[in-house]
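Q: 3D, please:
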Amino acid sequence: MSWFDLKGRSLISELDWTREEYDIAMKVTDQMKGLYYSSKPHPYLEYKTFAMLFFAGSTRTRMSFETAMTQLGGHSQFMNPNTMRLSLEDKPGAGETVKDTAKAMARFCDGIGIRLLDDEIKYYGHGDEVMRKFAEHAEVPIINMASDINHPCQSLTDIYTMREKLGDVKGKKIVITWAYTPWVRGRCSVQGTALISAMYGMDVVVANPPEFDLDPNVIKQCHDLASNSCGSFEIVHDMDRALDGATVVFPRNWFTGKRYDIGKEEELMLAQKYQDWRYTAEQQKKLCAPGYLLQCMPIDRGHEADPEVCDNDLSWIYDQAENRLHTQKAILTLTMGGRV
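A: Model prediction:
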(Lines give C-alpha, C1' and ligand atoms only; values in the text may rest on other atoms or scores of the structure.)
Protein backbone atom coordinates (compact mmCIF):
# COMPACT_ATOMS: atom_id res chain seq x y z
CA MET A 1 0.00 0.00 0.00
CA SER A 2 1.33 3.43 -0.95
CA TRP A 3 0.07 6.95 -1.46
CA PHE A 4 -0.11 6.25 -5.18
CA ASP A 5 -2.60 3.41 -4.56
CA LEU A 6 -5.36 5.92 -3.76
CA LYS A 7 -5.29 7.32 -7.30
CA GLY A 8 -8.55 6.43 -9.03
CA ARG A 9 -10.14 5.04 -5.84
CA SER A 10 -13.74 5.76 -4.90
CA LEU A 11 -14.84 6.61 -1.36
CA ILE A 12 -18.46 5.62 -0.71
CA SER A 13 -18.33 3.91 2.69
CA GLU A 14 -15.95 4.53 5.57
CA LEU A 15 -14.86 0.91 5.13
CA ASP A 16 -13.79 1.46 1.51
CA TRP A 17 -10.46 2.76 2.83
CA THR A 18 -8.20 1.26 5.48
CA ARG A 19 -6.94 3.01 8.56
CA GLU A 20 -3.52 3.34 6.92
CA GLU A 21 -5.14 5.07 3.95
CA TYR A 22 -6.98 7.48 6.24
CA ASP A 23 -3.63 8.16 7.94
CA ILE A 24 -2.25 9.15 4.53
CA ALA A 25 -5.26 11.40 3.92
CA MET A 26 -4.70 13.12 7.27
CA LYS A 27 -1.02 13.69 6.53
CA VAL A 28 -2.00 15.34 3.26
CA THR A 29 -4.69 17.32 5.11
CA ASP A 30 -2.00 18.74 7.40
CA GLN A 31 -0.04 19.84 4.33
CA MET A 32 -3.14 21.37 2.72
CA LYS A 33 -4.04 23.29 5.85
CA GLY A 34 -0.49 24.59 6.20
CA LEU A 35 -0.47 25.79 2.59
CA TYR A 36 -3.88 27.43 3.10
CA TYR A 37 -2.71 29.43 6.11
CA SER A 38 0.63 30.35 4.57
CA SER A 39 -1.19 31.62 1.45
CA LYS A 40 0.95 29.46 -0.83
CA PRO A 41 -0.58 28.36 -4.14
CA HIS A 42 -1.14 24.62 -4.46
CA PRO A 43 -2.73 23.94 -7.88
CA TYR A 44 -2.32 20.15 -7.70
CA LEU A 45 -5.48 19.55 -9.77
CA GLU A 46 -4.96 22.20 -12.43
CA TYR A 47 -7.36 21.83 -15.39
CA LYS A 48 -9.20 18.97 -13.67
CA THR A 49 -12.97 18.92 -13.14
CA PHE A 50 -14.99 17.49 -10.27
CA ALA A 51 -18.67 17.02 -11.14
CA MET A 52 -21.08 17.27 -8.20
CA LEU A 53 -24.59 15.76 -8.29
CA PHE A 54 -26.63 17.31 -5.50
CA PHE A 55 -29.90 15.40 -5.24
CA ALA A 56 -30.19 16.84 -1.70
CA GLY A 57 -29.46 20.38 -0.53
CA SER A 58 -26.31 21.44 1.27
CA THR A 59 -24.40 24.35 2.79
CA ARG A 60 -20.99 23.17 4.07
CA THR A 61 -20.60 20.27 1.64
CA ARG A 62 -21.16 22.32 -1.49
CA MET A 63 -19.11 25.32 -0.33
CA SER A 64 -16.19 23.21 0.89
CA PHE A 65 -15.96 21.11 -2.29
CA GLU A 66 -16.27 24.11 -4.61
CA THR A 67 -13.67 26.06 -2.64
CA ALA A 68 -11.41 23.01 -2.54
CA MET A 69 -11.37 22.62 -6.31
CA THR A 70 -10.79 26.35 -6.82
CA GLN A 71 -7.82 26.34 -4.47
CA LEU A 72 -6.45 23.20 -6.13
CA GLY A 73 -6.51 24.97 -9.49
CA GLY A 74 -9.37 22.93 -10.94
CA HIS A 75 -13.09 23.36 -11.48
CA SER A 76 -16.14 22.04 -9.62
CA GLN A 77 -19.28 21.64 -11.69
CA PHE A 78 -22.54 21.84 -9.73
CA MET A 79 -25.26 19.68 -11.23
CA ASN A 80 -28.90 19.60 -10.17
CA PRO A 81 -30.31 16.16 -11.10
CA ASN A 82 -33.76 17.73 -11.46
CA THR A 83 -32.49 19.50 -14.58
CA MET A 84 -31.00 16.30 -16.02
CA ARG A 85 -32.70 13.45 -17.84
CA LEU A 86 -31.29 10.96 -15.33
CA SER A 87 -33.61 8.31 -13.87
CA LEU A 88 -32.81 6.16 -10.84
CA GLU A 89 -35.22 3.56 -12.23
CA ASP A 90 -33.72 1.30 -14.86
CA LYS A 91 -36.74 0.74 -17.08
CA PRO A 92 -37.84 1.86 -20.56
CA GLY A 93 -39.34 5.33 -20.70
CA ALA A 94 -38.17 6.40 -17.23
CA GLY A 95 -35.19 8.43 -18.41
CA GLU A 96 -31.48 7.96 -18.99
CA THR A 97 -30.04 5.11 -16.94
CA VAL A 98 -27.40 5.52 -14.26
CA LYS A 99 -25.07 3.42 -16.42
CA ASP A 100 -25.32 5.70 -19.43
CA THR A 101 -25.11 8.86 -17.33
CA ALA A 102 -22.05 7.61 -15.43
CA LYS A 103 -20.19 6.50 -18.54
CA ALA A 104 -20.87 9.78 -20.35
CA MET A 105 -19.97 11.97 -17.36
CA ALA A 106 -16.67 10.13 -16.94
CA ARG A 107 -15.67 11.34 -20.42
CA PHE A 108 -15.99 14.97 -19.26
CA CYS A 109 -14.59 14.99 -15.72
CA ASP A 110 -11.94 13.51 -13.44
CA GLY A 111 -14.15 12.66 -10.47
CA ILE A 112 -17.82 12.62 -9.49
CA GLY A 113 -19.34 13.54 -6.13
CA ILE A 114 -22.89 12.45 -5.26
CA ARG A 115 -25.16 13.60 -2.43
CA LEU A 116 -28.30 11.45 -2.21
CA LEU A 117 -30.25 10.83 1.00
CA ASP A 118 -33.34 11.48 3.14
CA ASP A 119 -36.37 12.70 1.17
CA GLU A 120 -34.70 12.10 -2.20
CA ILE A 121 -34.75 8.30 -1.91
CA LYS A 122 -37.53 5.72 -1.73
CA TYR A 123 -36.08 3.32 0.85
CA TYR A 124 -33.14 3.03 3.21
CA GLY A 125 -30.10 1.86 1.28
CA HIS A 126 -31.31 3.36 -2.02
CA GLY A 127 -28.75 6.18 -2.01
CA ASP A 128 -25.87 3.79 -1.36
CA GLU A 129 -27.07 1.53 -4.19
CA VAL A 130 -27.10 4.41 -6.67
CA MET A 131 -23.58 5.52 -5.73
CA ARG A 132 -22.23 2.01 -6.12
CA LYS A 133 -23.91 1.71 -9.50
CA PHE A 134 -22.19 4.94 -10.56
CA ALA A 135 -18.88 3.51 -9.32
CA GLU A 136 -19.48 0.32 -11.31
CA HIS A 137 -19.85 2.19 -14.59
CA ALA A 138 -17.87 5.44 -14.27
CA GLU A 139 -14.15 5.19 -14.94
CA VAL A 140 -13.38 7.99 -12.48
CA PRO A 141 -13.52 8.09 -8.65
CA ILE A 142 -16.96 8.39 -7.03
CA ILE A 143 -16.95 10.41 -3.80
CA ASN A 144 -19.86 10.08 -1.39
CA MET A 145 -20.91 13.59 -0.38
CA ALA A 146 -23.57 12.03 1.95
CA SER A 147 -25.76 9.01 1.42
CA ASP A 148 -28.43 7.35 3.54
CA ILE A 149 -25.87 5.02 5.17
CA ASN A 150 -22.46 6.71 5.15
CA HIS A 151 -20.76 10.11 5.04
CA PRO A 152 -17.01 9.39 4.77
CA CYS A 153 -15.94 12.96 3.99
CA GLN A 154 -17.56 14.13 7.22
CA SER A 155 -16.18 11.13 9.09
CA LEU A 156 -12.61 11.86 7.99
CA THR A 157 -13.13 15.46 9.06
CA ASP A 158 -14.39 14.38 12.46
CA ILE A 159 -11.48 12.05 13.25
CA TYR A 160 -9.03 14.64 11.89
CA THR A 161 -10.56 17.32 14.11
CA MET A 162 -10.40 15.09 17.18
CA ARG A 163 -6.76 14.18 16.53
CA GLU A 164 -5.94 17.84 15.89
CA LYS A 165 -7.47 18.83 19.21
CA LEU A 166 -6.64 15.83 21.41
CA GLY A 167 -3.55 14.24 19.89
CA ASP A 168 -3.81 10.45 20.17
CA VAL A 169 -7.52 9.60 20.33
CA LYS A 170 -7.08 5.97 21.33
CA GLY A 171 -9.01 5.27 24.53
CA LYS A 172 -10.80 8.62 24.49
CA LYS A 173 -14.55 8.40 25.06
CA ILE A 174 -16.87 9.76 22.37
CA VAL A 175 -20.60 9.76 22.97
CA ILE A 176 -22.82 9.87 19.89
CA THR A 177 -26.24 10.64 21.27
CA TRP A 178 -29.64 10.91 19.68
CA ALA A 179 -31.13 14.34 20.37
CA TYR A 180 -34.61 15.69 19.84
CA THR A 181 -35.50 18.06 17.01
CA PRO A 182 -38.66 18.47 14.95
CA TRP A 183 -36.48 17.82 11.90
CA VAL A 184 -36.44 14.22 10.62
CA ARG A 185 -32.76 13.61 10.04
CA GLY A 186 -30.78 10.79 8.46
CA ARG A 187 -28.29 8.39 10.00
CA CYS A 188 -25.26 8.89 7.75
CA SER A 189 -23.23 11.37 9.79
CA VAL A 190 -23.63 9.61 13.14
CA GLN A 191 -23.02 6.18 11.63
CA GLY A 192 -19.93 7.39 9.80
CA THR A 193 -18.44 9.00 12.89
CA ALA A 194 -19.15 5.89 14.95
CA LEU A 195 -17.37 3.75 12.36
CA ILE A 196 -14.23 5.85 12.05
CA SER A 197 -14.02 6.47 15.82
CA ALA A 198 -14.14 2.71 16.40
CA MET A 199 -11.52 2.23 13.68
CA TYR A 200 -9.16 4.52 15.61
CA GLY A 201 -9.55 2.76 18.96
CA MET A 202 -11.83 5.21 20.71
CA ASP A 203 -14.34 4.15 23.35
CA VAL A 204 -17.53 4.74 21.38
CA VAL A 205 -20.87 4.98 23.17
CA VAL A 206 -24.10 5.41 21.19
CA ALA A 207 -27.04 6.65 23.27
CA ASN A 208 -30.57 6.55 21.91
CA PRO A 209 -34.19 5.91 22.85
CA PRO A 210 -35.14 2.28 22.12
CA GLU A 211 -36.97 3.07 18.87
CA PHE A 212 -34.02 4.95 17.38
CA ASP A 213 -31.39 2.26 16.90
CA LEU A 214 -28.77 2.60 14.19
CA ASP A 215 -28.44 0.28 11.19
CA PRO A 216 -27.77 -3.27 12.55
CA ASN A 217 -25.11 -3.84 9.89
CA VAL A 218 -23.30 -0.65 10.90
CA ILE A 219 -23.52 -1.66 14.55
CA LYS A 220 -21.81 -4.96 13.71
CA GLN A 221 -19.13 -3.14 11.73
CA CYS A 222 -18.49 -0.84 14.71
CA HIS A 223 -18.10 -3.82 17.06
CA ASP A 224 -15.66 -5.47 14.64
CA LEU A 225 -13.62 -2.28 14.16
CA ALA A 226 -13.46 -1.64 17.92
CA SER A 227 -12.29 -5.20 18.54
CA ASN A 228 -9.53 -4.88 15.93
CA SER A 229 -8.35 -1.50 17.25
CA CYS A 230 -8.54 -2.39 20.98
CA GLY A 231 -11.26 0.23 21.41
CA SER A 232 -14.81 -0.39 22.58
CA PHE A 233 -18.33 0.04 21.28
CA GLU A 234 -21.47 0.19 23.42
CA ILE A 235 -25.12 1.12 22.98
CA VAL A 236 -27.13 2.48 25.91
CA HIS A 237 -30.61 3.94 26.26
CA ASP A 238 -29.86 6.39 29.05
CA MET A 239 -28.34 9.71 27.96
CA ASP A 240 -26.95 10.76 31.35
CA ARG A 241 -25.32 7.37 31.86
CA ALA A 242 -23.72 7.63 28.42
CA LEU A 243 -22.36 11.14 29.05
CA ASP A 244 -20.57 10.22 32.27
CA GLY A 245 -16.87 10.88 31.66
CA ALA A 246 -17.28 11.76 27.97
CA THR A 247 -14.34 13.48 26.28
CA VAL A 248 -16.32 14.31 23.14
CA VAL A 249 -20.09 14.52 22.61
CA PHE A 250 -21.87 14.40 19.25
CA PRO A 251 -25.59 15.19 19.79
CA ARG A 252 -27.74 14.73 16.71
CA ASN A 253 -31.15 13.52 15.70
CA TRP A 254 -31.60 10.50 13.45
CA PHE A 255 -34.61 8.57 12.20
CA THR A 256 -35.78 5.06 13.09
CA GLY A 257 -35.34 1.96 10.96
CA LYS A 258 -38.98 2.28 9.93
CA ARG A 259 -38.66 5.77 8.46
CA TYR A 260 -39.66 4.82 4.92
CA ASP A 261 -42.47 2.52 6.06
CA ILE A 262 -44.23 4.78 8.58
CA GLY A 263 -43.51 8.20 7.01
CA LYS A 264 -42.26 11.49 8.42
CA GLU A 265 -45.35 12.37 10.46
CA GLU A 266 -45.16 9.15 12.46
CA GLU A 267 -41.42 9.71 12.92
CA LEU A 268 -42.13 13.13 14.41
CA MET A 269 -44.72 11.69 16.77
CA LEU A 270 -42.23 9.09 18.03
CA ALA A 271 -39.55 11.74 18.53
CA GLN A 272 -41.84 14.00 20.55
CA LYS A 273 -41.84 11.44 23.37
CA TYR A 274 -38.17 12.23 23.93
CA GLN A 275 -38.01 16.02 23.91
CA ASP A 276 -35.80 15.93 27.02
CA TRP A 277 -33.00 14.28 25.02
CA ARG A 278 -30.82 17.36 24.59
CA TYR A 279 -27.16 18.06 25.33
CA THR A 280 -27.38 20.71 28.02
CA ALA A 281 -24.84 23.00 29.66
CA GLU A 282 -25.67 21.36 32.99
CA GLN A 283 -24.88 17.89 31.64
CA GLN A 284 -21.63 19.15 30.16
CA LYS A 285 -20.52 20.63 33.49
CA LYS A 286 -21.68 17.82 35.78
CA LEU A 287 -21.17 14.64 33.77
CA CYS A 288 -18.56 15.11 31.03
CA ALA A 289 -14.79 15.23 31.07
CA PRO A 290 -14.95 17.78 29.52
CA GLY A 291 -17.54 17.01 26.80
CA TYR A 292 -16.21 18.88 23.77
CA LEU A 293 -18.99 19.50 21.27
CA LEU A 294 -18.56 17.77 17.92
CA GLN A 295 -21.48 18.32 15.53
CA CYS A 296 -21.56 18.16 11.74
CA MET A 297 -24.13 20.99 11.46
CA PRO A 298 -26.69 22.26 10.88
CA ILE A 299 -27.36 22.05 14.62
CA ASP A 300 -30.80 22.78 16.03
CA ARG A 301 -29.93 25.14 18.87
CA GLY A 302 -32.20 24.71 21.87
CA HIS A 303 -33.22 21.24 20.78
CA GLU A 304 -30.18 19.11 19.93
CA ALA A 305 -27.93 21.19 22.18
CA ASP A 306 -28.17 24.26 24.39
CA PRO A 307 -26.98 27.50 22.73
CA GLU A 308 -24.41 27.84 25.54
CA VAL A 309 -22.93 24.47 24.59
CA CYS A 310 -22.68 25.58 20.97
CA ASP A 311 -20.88 28.81 21.84
CA ASN A 312 -18.62 28.09 24.81
CA ASP A 313 -14.91 27.28 24.76
CA LEU A 314 -15.61 23.54 24.52
CA SER A 315 -17.35 23.86 21.16
CA TRP A 316 -15.46 22.66 18.09
CA ILE A 317 -18.22 23.12 15.52
CA TYR A 318 -16.67 25.94 13.48
CA ASP A 319 -13.16 24.45 13.42
CA GLN A 320 -14.80 21.15 12.46
CA ALA A 321 -16.74 22.83 9.65
CA GLU A 322 -13.59 24.49 8.31
CA ASN A 323 -11.75 21.19 8.31
CA ARG A 324 -14.16 19.86 5.67
CA LEU A 325 -12.27 22.08 3.22
CA HIS A 326 -8.85 20.72 4.12
CA THR A 327 -9.76 17.03 4.35
CA GLN A 328 -11.65 17.15 1.06
CA LYS A 329 -8.70 18.79 -0.67
CA ALA A 330 -6.69 15.78 0.46
CA ILE A 331 -9.31 13.31 -0.78
CA LEU A 332 -9.61 15.03 -4.15
CA THR A 333 -5.86 15.32 -4.66
CA LEU A 334 -5.16 11.70 -3.75
CA THR A 335 -8.01 10.17 -5.74
CA MET A 336 -7.83 12.39 -8.82
CA GLY A 337 -4.10 11.99 -9.28
CA GLY A 338 -2.54 15.14 -7.98
CA ARG A 339 1.02 15.33 -6.70
CA VAL A 340 1.71 16.88 -3.34
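Q: show me where the stretch 101-250 of the chain has helices.
A: Under the criterion DSSP state H, counting those that start in this stretch, the stretch 101-250 of the chain contains helices at 126-137, 152-166, 188-199, 216-229, 239-243.
Q: Let's have the ones you listed in TSV, adding distance to L332, mean pLDDT and mean neighbour count.
A: Where C-beta positions appear, they are placed from N, C-alpha and C, glycine not excepted. As requested, those are exported to TSV (distance: least, C-beta to C-beta, whole Å; pLDDT from 0 to 100; neighbours: other C-beta atoms under 10 Å):
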stretch	distance to L332	mean pLDDT	mean neighbour count
helix 126-137	16	97	20
helix 152-166	10	98	23
helix 188-199	18	98	27
helix 216-229	25	98	17
helix 239-243	36	98	19
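Q: For V98, which of those helices is the nearest?
A: For V98, the closest of the helices of the stretch 101-250 of the chain is helix 126-137, at 4.8 Å, according to C-beta to C-beta.
Q: Quick check: which ranges of this protein have low pLDDT?
A: 1-2, 339-340 (pLDDT under 70).
Q: Could you chop it up by domain?
A: Listed by automatic domain parsing, the domain ranges of the chain are 3-150+323-335, 153-320.
Q: ok, the nearest residue to G337 once chain neighbours are set aside - contacts?
A: Distance criterion C-beta to C-beta, 6 or more residues apart in numbering; nearest residue to G337, sequence neighbours excluded, is K7 at 4.9 Å. By C-beta atoms under 8 Å, 6 or more residues apart in numbering, K7 lies in contact with 334-337.
Q: Go ahead and build a ChimeraX selection from the buried members of those.
A: Selecting only the buried entries of the contacts of K7 in ChimeraX, with 16 or more other C-beta atoms under 10 Å as the criterion:
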select :334,335,336,337
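Q: Contacts made by stretch 53-63 with the rest, please.
A: 52, 78-81, 112-120, 127, 145-146, 153, 296-298, 321, 324.
Q: my read: A305 touches L294, true?
A: No - using C-beta atoms under 8 Å, A305 is not in contact with L294, being 10.7 Å away.
Q: about what we covered before: now the buried members of the contacts of stretch 53-63.
A: 52, 79, 81, 112-118, 120, 127, 145-146, 153, 296-297, 321, 324.
Q: quick one on the thing from earlier: now secondary structure and distance to G201 too, for the contacts of K7, in CSV please.
A: Listed next are the contacts of K7 as CSV, based on DSSP: H, G, I helix; E, B strand; the rest coil; distance: C-beta to C-beta, whole Å:
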residue, secondary structure, distance to G201
L334, helix, 23
T335, helix, 26
M336, coil, 30
G337, coil, 31
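Q: I'd like the contacts of K7 laid out as JSON lines, including distance to L225.
A: Listed next are these as JSON lines, based on distance: C-beta to C-beta, whole Å:
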{"residue": "L334", "distance to L225": "22"}
{"residue": "T335", "distance to L225": "22"}
{"residue": "M336", "distance to L225": "27"}
{"residue": "G337", "distance to L225": "29"}
